[in-house]
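1. Next input, structure requested:
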Amino acid sequence: MHELFPQPGVYRPTSFGRQGARTRRPLVLGLLFLCTFIAGFALLGILRRAHVQAPFVLVELKALDESGHPVAAAKVSINDEALGVTDSFGEWRRYLKVAAGEKLEVELLKQGQPSLKGSRTLRVPQKKRGQQGLDIQANIALQTFALGPKLSQNKKAKKMPEKL
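-> Residues are numbered from 1 along each chain as shown. This next block holds a predicted model:
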């Protein structure tokens with residue numbers, strides 16, 4: 001007789017339980033392998049990240065003239081790279097991606113009457129345990145200097161090439 005119409009008094013075990021266990025086992029093992037694989041790559045990424053990537057450091061500068069007043073619109077250069085100008089309060093701030101212990105050669109230049117110039121070497125500190133972020137704050141005193149006509153003409157000649 002057919003299994004859909006069982007005879008009374010005859011017990012026939014169904015194979016649904018055994019087949020279900022056989023098909024579930026590879027599925028469970030596959031999911032376990034996949035989760036282990038993903039967790040392994042996530043752990044590897046976390047471990048390598050701290051050593052490979054340089055941290056972002058907040059650099060805050062304040063440009064002051066000889067009398068201690070803030071200097072607005074002074075050009076900011078760090079390691080010979082122009083990065084902007086100071087604001088109306090003589091302040092400049094930016095996040096830079098630099099390694100701990102690296103030196104930053106900061107130069108501020110304000111052209112005009114009178115011209116002002118200042119520089120300072122800053123070192124990025126080592127990150128301490130439990131410290132959230134790194135930041136460097138520095139006041140830079142600008143000194144008056146004379147920009148001679150020969151020097152200013154040479155700078156203009158370098159910036160604007162002659163057309164023939």
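2. Quick check: nearest residue in space to the residue nearest to the spatial centre of the chain, chain neighbours excluded?
-> Nearest to the mean C-alpha position of the chain, by C-alpha atoms, centre = their mean, lies residue 56 at 4.3 Å. Residue nearest to residue 56 in three dimensions, not counting chain neighbours: residue 95, with 4.6 Å by C-beta to C-beta, 6 or more residues apart in numbering. Placement of C-beta: from N, CA and C, glycine included.
3. Name the SS class of that neighbour, please.
-> Using DSSP: H, G, I helix; E, B strand; the rest coil, the structure places residue 95 in strand.
4. Just grab the bridge partners of it for me.
-> Beta-bridge partners recorded for residue 95 (DSSP bridges): residue 58.
5. Where do the domain boundaries of the chain fall?
-> Using automatic domain parsing, the domain parsing of the chain gives 13-53, 56-148.
6. can you give me the strands in this structure?
-> 56-64, 75-78, 81-85, 91-97, 103-110, 115-123, 134-141, 143-145 (DSSP state E).
7. Next, format these as CSV and append mean pLDDT and distance to residue 36.
-> Shown next, in CSV, are those (pLDDT from 0 to 100; distance: least, C-beta to C-beta, whole Å):
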stretch, mean pLDDT, distance to residue 36
strand 56-64, 94, 33
strand 75-78, 96, 45
strand 81-85, 96, 45
strand 91-97, 94, 33
strand 103-110, 96, 44
strand 115-123, 95, 43
strand 134-141, 92, 36
strand 143-145, 89, 63
